[in-house]
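> sequence below, structure please.
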Amino acid sequence: MNMEIRKTEERDLPAVLAIYRHARTFMREHGNPRQWGDKWPPEALIREDIRRGKSYVCEADGRVEATFFYDEGENVEPAYSVIDGSFTGPARYGVVHRIAASENGHGAGSFCVNWAVSQCGNLRIDTHPDNLVMQNMLQKNGFRYCGIVHIPEDDDPRYAYEKVVRCGERYYLKNERLTRYHDEEWGKPEHDEQKLYEMFVLELFQAGVSWELLLRKRENFRSAFDNFDAEKIAAYGPEKIDALMQDPGIIRNRRKIEAAIGNARVVLKLREEFGSFSNYLWHFTENRSIPERMDAVTDQLSDDVSKDMKKRGIRFAGSVTVFSFLQAVGILYCHDPECLCFHRDHAETFAQNHYQPENRVSGGRNDR
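Numbers count the residues shown, from 1 in each chain. Predicted coordinates:
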């Protein structure tokens with residue numbers, strides 16, 4: 001069958017009601033009489049889902065073969081805020097409820113949940129403990145059991161599942177710190193002056209060590225480097241350098257420490273010239289995120305930014321280091337299209353962006 005998902009229309013209501021009648025019968029015959037009983041979901045709720053644009057149908061060869069509710073957002077399902085167990089994905093997720101297929105809708109349930117995953121990259125769903133058919137379908141499609149939740153509709157507990165799609169999954173697997181960094185920070189287009197400068201300093205120190213180590217030492221770096229205040233760092237002298245070299249909470253590399261101080265002085269000049277460090281960085285791409293392959297290590301943009309930074313006196317600014325920094329702050333956008341972060345950032349809007357060095361602003365605030 002050729003399947004496609006679309007929003008439910010009023011004309012679909014008879015087919016949708018027929019699917020739910022079949023689903024209730026199927027549940028009773030397969031040892032699950034309590035989940036929907038004889039009346040759930042009520043027609044008024046279905047009509048409300050349609051009115052709100054949250055009801056969807058799966059159409060196969062012109063026939064409606066399945067239906068479901070879908071929504072997404074920050075903590076979109078209040079019932080999931082309390083769970084005997086834990087979800088692993090971030091607070092922004094999609095949710096599917098009231099999913100059912102017709103008697104002839106073989107494979108439609110899997111098609112529906114996978115479509116929902118493709119919309120958000122982070123999908124949560126619950127089912128009744130007696131609904132073994134649903135549980136098997138979810139596990140077959142890569143969903144992970146998370147624990148027990150309770151919903152307002154009845155007193156029976158529900159088994160909660162989730163499927164989270166991340167780029168570089170093997171890299172983040174079983175490392176909570178890296179997972180949180182990927183989900184909440186890495187690749188998110190960043191314009192905040194303080195955050196950009198912090199990431200710039202950390203990338204300098206990251207050369208030759210793992211990023212996981214940097215994240216572990218991040219709070220120590222913030223304390224040691226005056227919360228990444230560029231003006232204070234630019235004023236560091238020999239005594240402060242000696243103190244930093246004695247601090248076991250950071251990476252004690254004299255060349256990198258001295259480079260961080262010198263680079264801070266350059267950043268202050270960039271702020272004077274461009275209005276902010278953020279303006280300087282984003283002017284290379286005319287304030288647009290540029291899509292790039294995740295497995296790349298340099299490109300024309302990182303080469304050009306590196307060359308410009310070195311010309312201005314910034315140290316440890318090779319193209320590989322600059323590329324990693326531009327990735328981290330979303331100037332180069334490398335999240336996979338299936339990744340939950342791609343959906344969070346609405347990165348499909350970046351798809352047609354291209355780096356055009358010939359259009360780059362050549363000077364600072366006074367040249368525009």
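> just the helices in the stretch 201-350 of the chain please.
Taking DSSP state H, counting those that start in this stretch, the helices of the stretch 201-350 of the chain run over residues 211-216, 218-224, 230-234, 238-245, 254-274, 277-283, 300-311, 319-328, 340-344.
> please point out which parts of the fifth one sit buried.
Residues 256-257, 259-267, 270-271, 273-274 are the ones in helix 254-274 that count as buried (16 or more other C-beta atoms under 10 Å). Glycine gets a C-beta too; all of them are placed from N, C-alpha and C.
> what's the answer for the first one, then?
Across helix 211-216, burial judged by 16+ other C-beta under 10 Å covers 211, 214-215.
> mind checking pLDDT for the residue lying closest to Tyr145 once chain neighbours are set aside?
The spatial neighbour of Tyr145 that comes closest, neighbours along the chain excluded (C-beta to C-beta, 6 or more residues apart in numbering), is Tyr161 at 5.7 Å. For Tyr161, the model assigns a pLDDT of 98.
> out of the buried residues of helix 211-216, who's nearest Ala224?
Within the buried residues of helix 211-216, proximity to Ala224 (C-beta to C-beta) peaks at Leu214, which comes in at 13.1 Å.
> can you list the domain ranges for this structure.
According to automatic domain parsing, the chain comprises the domains 3-164, 187-367.
> what's the least confident stretch among those?
Ranked by mean pLDDT, these bottom out at domain 187-367, with a mean of 92.
> just to revisit the earlier point, now the domains of the chain as TSV including distance to Glu176?
TSV is the format used below for the domains of the chain (distance: least, C-beta to C-beta, whole Å):
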stretch	distance to Glu176
domain 3-164	9
domain 187-367	10
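> out of those domains, nearest to Leu178?
Minimum separation from Leu178 across those (C-beta to C-beta) falls at domain 187-367, 5.6 Å.
> my guess is Leu270 meets Arg312, correct?
Yes. Leu270 lies in contact with Arg312 (C-beta atoms under 8 Å); the separation is 7.3 Å.
> pull out the buried positions in the helix or strand that Leu196 is a member of.
Using DSSP states H and E, Leu196 falls within helix 193-206. Applying a neighbour-count criterion of 16+ other C-beta under 10 Å, one finds 193, 196-206 buried in helix 193-206.
> same thing with stretch 230-243?
For stretch 230-243, burial by neighbour count (16+ other C-beta under 10 Å) applies to 230, 233-234, 236, 240.
> which outside residues touch it?
Stretch 230-243 is contacted from outside by 197, 201, 225-226, 254, 257-258, 260-261, 264-265, 267-268, 271, 277, using C-beta atoms under 8 Å, 6 or more residues apart in numbering.
> quick check: the farthest pair among those residues?
Between any two of the contacts of stretch 230-243, the greatest separation by C-beta to C-beta is 26.2 Å, found for Arg254 and Arg271.
> tabulate the helices of the stretch 201-350 of the chain (JSON lines), appending distance to Arg24.
Rendered in JSON lines, the data for these read as follows (distance: least, C-beta to C-beta, whole Å):
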{"stretch": "helix 211-216", "distance to Arg24": "50"}
{"stretch": "helix 218-224", "distance to Arg24": "53"}
{"stretch": "helix 230-234", "distance to Arg24": "64"}
{"stretch": "helix 238-245", "distance to Arg24": "68"}
{"stretch": "helix 254-274", "distance to Arg24": "64"}
{"stretch": "helix 277-283", "distance to Arg24": "55"}
{"stretch": "helix 300-311", "distance to Arg24": "57"}
{"stretch": "helix 319-328", "distance to Arg24": "50"}
{"stretch": "helix 340-344", "distance to Arg24": "33"}
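> nearest to Glu10, of those helices?
Closest to Glu10 of the helices of the stretch 201-350 of the chain is helix 340-344 (C-beta to C-beta; 28.8 Å).
> could you name the helices and strands sitting against the closest one?
Applying 3 or more C-beta pairs under 8 Å, 6 or more residues apart in numbering; DSSP states H and E, one finds that helix 340-344 contacts strand 92-101, helix 108-120, helix 176-184.
> any chance of those in CSV, with distance to Leu13 too?
What follows is those, written out as CSV (distance: least, C-beta to C-beta, whole Å):
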stretch, distance to Leu13
strand 92-101, 14
helix 108-120, 18
helix 176-184, 39
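> in a markdown table: the ones you listed, plus mean neighbour count and distance to Ile250.
A markdown table is the format used below for those (neighbours: other C-beta atoms under 10 Å; distance: least, C-beta to C-beta, whole Å):
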| stretch | mean neighbour count | distance to Ile250 |
| --- | --- | --- |
| strand 92-101 | 22 | 33 |
| helix 108-120 | 21 | 38 |
| helix 176-184 | 17 | 17 |
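> of those, which is nearest Gly168?
Of all these, helix 176-184 sits nearest to Gly168, with 7.2 Å by C-beta to C-beta.
> just how off-centre is that closest one within its chain?
Centroid displacement of helix 176-184 relative to its chain, using C-alpha atoms, centre = their mean, to the nearest Å, is 10 Å.
> so which elements touch that helix?
Here helix 176-184 touches helix 169-172, helix 211-216, helix 340-344, going by 3+ C-beta pairs under 8 Å, 6+ apart.
> so that helix versus helix 319-328, what angle?
Calculated by axes from the mean of the first three to the mean of the last three C-alpha atoms, to 10 degrees, helix 176-184 forms an angle of 70 degrees with helix 319-328.
> identify the residues contacting helix 176-184?
With C-beta under 8 Å, 6+ apart as the test, helix 176-184 has contacts from 88-90, 166-168, 171-172, 211-212, 215-216, 340-341.
> could you check the angle strand 92-101 makes with it?
With the same axes, to 10 degrees applied, the angle from helix 176-184 to strand 92-101 works out at 80 degrees.
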